[in-house]
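Undergrad: Kindly generate the corresponding structure for this input.
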Amino acid sequence: MAERSEQGARQAPKLGEGEPPSGRGRDDGLLALIAALALGLALALAPLGGEAKAQSRGMFPSHSGSPLTDFFSALFGGRPSYRSSDQPRILVTPRPLDVMPSYSGGGHGFCVRTCDGRYFPLPGRAGVEKSDIAQCAAFCPAAKMTVVSTSDPARGIDGAVTREGKPYSELPNAYVYRQRLVEGCTCNGKVGGLTHVDVMEDPTLKRGDVVMTREGSRVFTGKTKGPPYRTADFVEPSRFPELPRSMRARLDELTVASR
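TA: Residues are numbered from 1 along each chain as shown. The predicted model follows:
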């Protein structure tokens, strides 16, 4: 009986033999979880170096929480919060179409005698109003003058408008000169006459203006500032490269017709 009990005692396993000590399994599991989380955190933080540089330049919004908080938020479905960008904003308010400035005139100009509507080409191109009026008045000093202009030379006076956008045809005395002579409506005090202006003394001349001389058409170069001018200040149209080719052809026709 005693021998059987001793044999049973040898065969019975000792308490705790073959099993991990108390708490050891749980510690190993916790360590494994921490290792997995650390690996995931390292992978999540790897691209943040470049993002931090980009944030310093204002390219991306910065995260409001710590990287660890954002990592766990990403794991469990949370959304990272963002701070508003500190970069200044530029707000552009477009102007309404009805207040946008409109442009009338410019291009090819005409001097118009307001008393009967007779007109003649404005030398050069229409530009500053006071200068254009002064140039017209130099050719027609005895009458009140106005200036109309057009961007379409093919339409001529029919397409010309004032600086306020009013067409020549709507002027009070448009085309009246075709119907009758208006008493006292002259440029030099004579019926239908134009005044003679010495181009060498004309203070209204601008670079590119075309004048007619005894030798034919000439272009003012503007080398001399103010009268009296020199003969060398006026050159043939072919020697003035800024003059359009179409204008040169017209001037050649005028020169041939005058001979």
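Undergrad: so where is the stretch 151-259 of the chain shaky, pLDDT-wise?
TA: 189-197, 254-259 (pLDDT under 70).
Undergrad: Render the CA-only coordinates of the helix or strand hosting Val112 in CSV, please.
TA: Assessed by DSSP states H and E, Val112 sits inside strand 108-113. In CSV, the C-alpha atoms belonging to strand 108-113 read as follows (Å, rounded to 0.1, in the frame of the first residue of the first chain):
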residue,chain,number,x,y,z
HIS,A,108,-7.5,107.0,-88.2
GLY,A,109,-8.8,110.5,-87.4
PHE,A,110,-10.7,113.2,-89.2
CYS,A,111,-10.9,117.0,-88.5
VAL,A,112,-14.5,118.1,-88.8
ARG,A,113,-15.7,121.6,-89.3
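Undergrad: Sheet-wise, list the partners of that strand with their directions.
TA: Strand 108-113 has the following strand partners under DSSP bridges: strand 119-121 (antiparallel), strand 145-150 (antiparallel).
Undergrad: So what touches the longest one?
TA: To tie it back to what came earlier, the one meant is strand 145-150. Contact with strand 145-150 is made by 105-114, 119, 122, 126, 129, 132-133, 136-137, 156-157, 159-163, 168, 171, as judged by C-beta atoms under 8 Å, 6 or more residues apart in numbering. (C-beta placed from N, C-alpha, C; glycine too.)
Undergrad: on that earlier part again, I'd like the strands paired with strand 108-113 as CSV, with mean neighbour count, distance to Thr231 and mean pLDDT appended.
TA: CSV is the format used below for these (neighbours: other C-beta atoms under 10 Å; distance: least, C-beta to C-beta, whole Å; pLDDT from 0 to 100):
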stretch, mean neighbour count, distance to Thr231, mean pLDDT
strand 119-121, 17, 24, 87
strand 145-150, 22, 29, 91
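Undergrad: would you turn those strands into a markdown table with distance to Phe234?
TA: Compiled in a markdown table, the strands paired with strand 108-113 are given as follows (distance: least, C-beta to C-beta, whole Å):
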| stretch | distance to Phe234 |
| --- | --- |
| strand 119-121 | 18 |
| strand 145-150 | 24 |
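Undergrad: Of those, give the one that comes closest to Ser246.
TA: Closest approach to Ser246 among the strands paired with strand 108-113 is made by strand 119-121 (13.8 Å; C-beta to C-beta).
Undergrad: Tell me the helix or strand right after that closest one.
TA: helix 129-139.
Undergrad: What is that next one packed up against?
TA: On a contact count with 3 or more C-beta pairs under 8 Å, 6 or more residues apart in numbering; DSSP states H and E, helix 129-139 meets strand 108-113, strand 145-150.
Undergrad: residues of it that come out buried?
TA: By neighbour count on 16 or more other C-beta atoms under 10 Å, the buried set for helix 129-139 is 132-133, 135-139.
Undergrad: now do stretch 155-174
TA: Within stretch 155-174, the residues that count as buried by 16+ other C-beta under 10 Å are 157, 159-163, 167-168, 171, 173-174.
Undergrad: circling back: which member of the buried residues of helix 129-139 is positioned nearest Glu201?
TA: Using C-beta to C-beta, Ala138 comes nearest to Glu201 of the buried residues of helix 129-139, at 9.8 Å.
Undergrad: The residue lying closest to Ser238 once chain neighbours are set aside in helix, strand or coil?
TA: Once flanking residues are discounted, Ser238 sits nearest to Arg248: 6.6 Å by C-beta to C-beta, 6 or more residues apart in numbering. Following DSSP: H, G, I helix; E, B strand; the rest coil, Arg248 is assigned to helix.
Undergrad: Tell me the spacing between Arg248 and Arg239.
TA: Arg248 sits 10 Å away from Arg239, going by C-beta to C-beta, to the nearest Å.
Undergrad: Okay, helices next: where are they in the stretch 151-259 of the chain?
TA: All helices of the stretch 151-259 of the chain, identified by DSSP state H, counting those that start in this stretch, fall at 245-258.
Undergrad: ok, back up a step: out of the buried residues of helix 129-139, which one sits closest to Met200?
TA: Once C-beta to C-beta is applied, the member of those that ends up nearest Met200 is Ala138, at 12.9 Å.
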